[in-house]
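Participant: how would this look folded up:
(chains A and B)
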Amino acid sequence: MNEDRNSNMVSDTEHREVEAFLYREARLADQAQYDEWETLLTDDFEYWIPNSRGDADPKKTLSILYDNRARIATRIRQLKTGVRHAQDPASPMTRLISNIEIEPAEDGYLVRSNFMLGELQIQSTQDFHLWMGSLEHRLRRVDGALKMAGKKVLLINAGEPIPSLAFLI
Amino acid sequence: MTLHYDEMIKDGLVDSRVYSDPQVFEDELERIFYGGWVFVAHESEIPQRGDYVRRNIGLEPWVVVRLPDGGVRVLSNRCTHRGTLLLQPEKGNVRATITCWYHGWVFGLDGALKAVPYPVGSKSLEHKSLPVARVGNYRGFIFATVNPDAEDFDDYLGRGKELIDRAVEASPVGKVRLDAGWVKFYYKTNWKLQAENNIDGYHLNYVHASLGRAIDSRYVEATMVGETRLKTLTRDWGNGHSELELGPGFENDLEWLGYTGAKKMPPAIEAYRQQLRDAYEPAIAERMIHDGPPHAFIFPNLFLAETNVVFYQMSDAGQCVQLHTPMLLEGVADEVNTRILRLCEAALGPTSFFLPDDGVITERQQQSFAGRPINVDLRRGIGREEINANGVLESHITDETTNRAFWNHYRDVMAKPPGRTAPSPTAPHERVAAE
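Facilitator: From the prediction side, this is the model:
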C-alpha cells in the first residue's frame, strides 16, 4: 500500500510552528522551568513512558511512567519543593530533537520525532547518562495557541535497568 | 583474607566493608545466593507449559520453566557443552525442548540431555544434563536453591509464610498475578542498601520530605507525625524476615488503596471490600480492609511492598537492580487492579514519587564507604523492643529492629564455617534431580 504522504502534508508555516513548540518544550524541560513547561499542557494531558519498545496497553501493563493531568501537577509540585533529592539540584542536561514528522490530526497534530538527551546525575553519582529514543507529541490548538495533549517517550532501553529518571524527559 | 563477620556485625553496628568490599560480595554469593534459598519468580509469570522466565541466582543464569505436568522447574541456562546461554530473551515459550544454537545440543524441560548432533564422536554425555535447582513454592511464590545441602524450604521460609499469606489474601480468592511486567531500577549501590532502605521506617520525614509537602499522602499519617503519636510498628519475624506495620496509621477502610474518606468509594471498590468480608473470617477480612497487604522483607531478596512485589539482582558490590511489579489480584473487578497498577507507578521505580529519592540518598551513602571502614549504626530501639502476643519481636516504627533482623541473620549465614557452601553447578546434580 502506497500511502500518499503528500495529502497528509502540513504547510511550511504550520511546520515551523510545530517545530518551534517542540524546541521550546525541550528547552523548558532542560532548564527545569517547571511552571513554564506546565503552561504548555492541556487540561487532559497524558504523559507516558512505556516499559517496552513494542505495543503496550497502559491499562494492563506496568509503565515506567503514566501520568494523567493531576499526577503531572503533583510531580511538578514535588520538583518545586526544593527537597526532591533526586533532582536537587536539577540535572544539567541538553536534548536534541530531530527527524520531526508531522501529521494533521483532529484539532491539531500528531508529531513524531527522535531525541538524544545527555544528563549529568549531579545529585549523587556524577555519572553522565545518555537517554535516547523517539517521541510522540499530540498537539492541540486551544484558543489559537498550540498545547500538548499527550507526550509519549519511547526509550531505546525501555525494559532494561535504568537509573533515576526524576526529571522531565 | 578471611573476614570475620561475627566481628564486623555486632550489637547493631555494621562494618561498612559489607557494602563495598569485593571479598564480601564473593562470600555473599557463595554463602547466601549459592548456599541458600532465594526468590526467583511467581507462578503467574509462566502460566502455560513451556513458558519460561530468565532469572539470575547470584550472578549465574537460570530459567524458571513450566513443565507439561503443570509443575515448575528451575534449570541452569548454560549449555553443558561450552556454556553458551541457551535462552537469550528474558521470557518466552520453549515448547517441549531447549536447543542450544551453538552446536545443537537438545535438552528436555526436565533438564535431561536428549540429543546431540553427530553422536558417534561424542564422549561422556551421561553427566551432561542441565543442573536443576531445588524448588520451593509457597502460594505461587517460587524460590530456589542451587545447594543440594541447603536447609528445608519450610525451615528457610519460617514465619515468612504468614507474611506471604497476608499478601495473597488481598485477593478474595487468595491468588495474585505478577504478570504486568517488571520495571528495573538501576542503583549504583550495594544491594543491601536497598534491602535496608525498603524496610526502614525512620527515614520518611527526610528522604521523602518533598512528597509530604507536595501531596496529602497516606504515608503522612502513617509515618510522618511526631514520635509519640506514631502507632505504626517494626517487626522481626525471624530468619532475616521483617516488616513495617503501617496499618495503625490508617484511619479509613482501604486507605492503602488511596481512599482517605474524603471522597466516596466507587462501587467497584466497595464491592471489593464486600468480597473480602464474604471470603475471609472477620478478623482476617477486617485487618486486610484496614491495614492492607504487608510491607515486608523476605530474606535475602524479596520485598512484599504492600500492593507491589520487588526483588533484587546484583552485578558486583557496588551495583544492583531493583525490579518491581504490581501485585494484581485474582477475582476482583478490573478497576481494583488498575488502581493497583497506577499506585505501583507512583510509588516504585525510577520516575516515582518515592524511590528516586531513596536512590540518590543511598548512592551518597555508598560513595562515603570508599576508604577506611566506618561503623554504620543501626542500634536505634535496642532496649525498647517487645515480644508481641503473636510471639514476634516488635518496636516503634522508627526503630531499626527490621534492619537488625536482616543483619543478625546475614551474620549467622555469613559466619558459617567454610566448607558448607554450594557445589559449582557444573558438578553432577543427580541428587537434586532425584528429589
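Participant: return the alpha-carbon coordinates of the helix or strand where B:Arg277 lies using CSV.
Facilitator: Element membership of B:Arg277, judged by DSSP states H and E, is helix B:267-279. Extracted C-alpha coordinates of helix B:267-279, given in CSV (Å, rounded to 0.1, in the frame of the first residue of the first chain):
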residue,chain,number,x,y,z
PRO,B,267,-19.0,1.0,43.5
ALA,B,268,-16.2,-1.4,42.3
ILE,B,269,-14.1,-0.6,45.3
GLU,B,270,-17.0,-1.0,47.7
ALA,B,271,-17.8,-4.3,46.1
TYR,B,272,-14.1,-5.4,46.6
ARG,B,273,-14.5,-4.6,50.3
GLN,B,274,-17.6,-6.8,50.5
GLN,B,275,-15.8,-9.6,48.6
LEU,B,276,-13.1,-9.6,51.3
ARG,B,277,-15.8,-9.8,54.0
ASP,B,278,-17.5,-12.7,52.2
ALA,B,279,-14.3,-14.6,51.6
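Participant: run through the bridge partners of the residue nearest the centre of chain A.
Facilitator: For chain A, the residue sitting closest to the mean C-alpha position, by Cα atoms, centre = their mean, is A:Lys151 at 4.7 Å. In this entry, A:Lys151 is beta-bridged to A:Tyr47, A:His137, by DSSP bridges.
Participant: return the residues in contact with it.
Facilitator: By Cβ atoms under 8 Å, 6 or more residues apart in numbering or on different chains, A:Lys151 lies in contact with A:Phe45, A:Glu46, A:Tyr47, A:Trp48, A:Leu135, A:Glu136, A:His137, A:Arg138. Quick note: C-beta positions are derived from backbone N, CA and C, even for glycine.
Participant: one more time with 7 Å, if that's ok
Facilitator: Residues near A:Lys151 by Cβ atoms under 7 Å, 6 or more residues apart in numbering or on different chains: A:Tyr47, A:Leu135, A:His137.
Participant: ok, the second one to chain B distance?
Facilitator: Applying Cβ to the nearest Cβ, to the nearest Å, the value for A:Leu135 to chain B is 16 Å.
Participant: surely that residue touches A:Ser113?
Facilitator: Yes. Under the criterion of Cβ atoms under 7 Å, A:Leu135 makes contact with A:Ser113 at 4.9 Å.
Participant: let's verify the residue in chain B sticking out farthest from the centre: helix, strand, or coil?
Facilitator: Relative to the centre of chain B, the most outlying C-alpha is that of B:Val120, 46.1 Å out, by Cα atoms, centre = their mean. At B:Val120 the chain is in helix, as set by DSSP: H, G, I helix; E, B strand; the rest coil.
Participant: any regions of chain B where pLDDT drops low?
Facilitator: Within chain B, the stretches with pLDDT under 70 are B:216-225, B:417-435.
Participant: rerun that using 50 as the cut-off
Facilitator: For chain B, the stretches with pLDDT under 50 are B:420, B:423-435.
Participant: list the contacts of residue 101.
Facilitator: With no chain named, the answer covers chain A. A:Glu101 neighbours (Cβ under 7 Å, 6+ apart): A:Arg112.
Participant: give the bridge partners for it, please.
Facilitator: Bridge pairing for A:Glu101 - DSSP bridges - gives A:Arg112.
Participant: hang on, the earlier thing: what residues does the helix holding B:Arg277 touch?
Facilitator: B:Pro172, B:Asp253, B:Leu254, B:Leu257, B:Tyr259, B:Ala285, B:Met288, B:Ile289, B:Val332, B:Ala333, B:Glu335, B:Val336.
Participant: helix or strand right after that helix?
Facilitator: That would be, after helix B:267-279 and using DSSP H and E, helix B:282-291.
Participant: isn't B:Arg384 up against B:Ser395?
Facilitator: Yes. Taking contacts as Cβ under 7 Å, B:Arg384 lies within contact range of B:Ser395: 6.1 Å.
Participant: so if I had to pick from the two, which one is more boxed in?
Facilitator: B:Ser395 (23 against 10; other Cβ atoms under 10 Å in any protein chain shown).
Participant: which pLDDT value goes with the nearest residue to A:Ser52 once chain neighbours are set aside?
Facilitator: Closest residue to A:Ser52 apart from its sequence neighbours, by Cβ to Cβ, 6 or more residues apart in numbering or on different chains: A:Gly159 at 5.0 Å. Looking at A:Gly159, its pLDDT is 96.
Participant: and A:Gly159, what does it touch?
Facilitator: A:Asn51, A:Ser52, A:Arg53.
Participant: closest to chain B among the residues you listed?
Facilitator: Set against chain B, the nearest of these by Cβ to the nearest Cβ is A:Asn51 (5.3 Å).
Participant: A helix includes the closest one, no?
Facilitator: No. Counting by three-state DSSP, A:Asn51 is not part of a helix but coil.
Participant: quick one: neighbours of it, just the number.
Facilitator: 25.
Participant: coming back round to it: distance to A:Glu36 and pLDDT for the contacts of A:Gly159 - can I get that in CSV?
Facilitator: Shown next, in CSV, are those (distance: Cβ to Cβ, whole Å; pLDDT from 0 to 100):
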residue, distance to A:Glu36, pLDDT
A:Asn51, 29, 98
A:Ser52, 32, 95
A:Arg53, 31, 87
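Participant: using JSON lines, lay out those together with distance to B:Arg379.
Facilitator: Shown next, in JSON lines, are these (distance: Cβ to Cβ, whole Å):
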{"residue": "A:Asn51", "distance to B:Arg379": "40"}
{"residue": "A:Ser52", "distance to B:Arg379": "44"}
{"residue": "A:Arg53", "distance to B:Arg379": "47"}
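Participant: list phi and psi for the residue of the stretch 1-150 of chain B found nearest chain A.
Facilitator: Going by Cβ to the nearest Cβ, chain A is nearest to B:Glu90 of the stretch 1-150 of chain B, at 8.1 Å. When quoted as degrees, to the nearest 10, the phi and psi of B:Glu90 stand at phi -70, psi -20.
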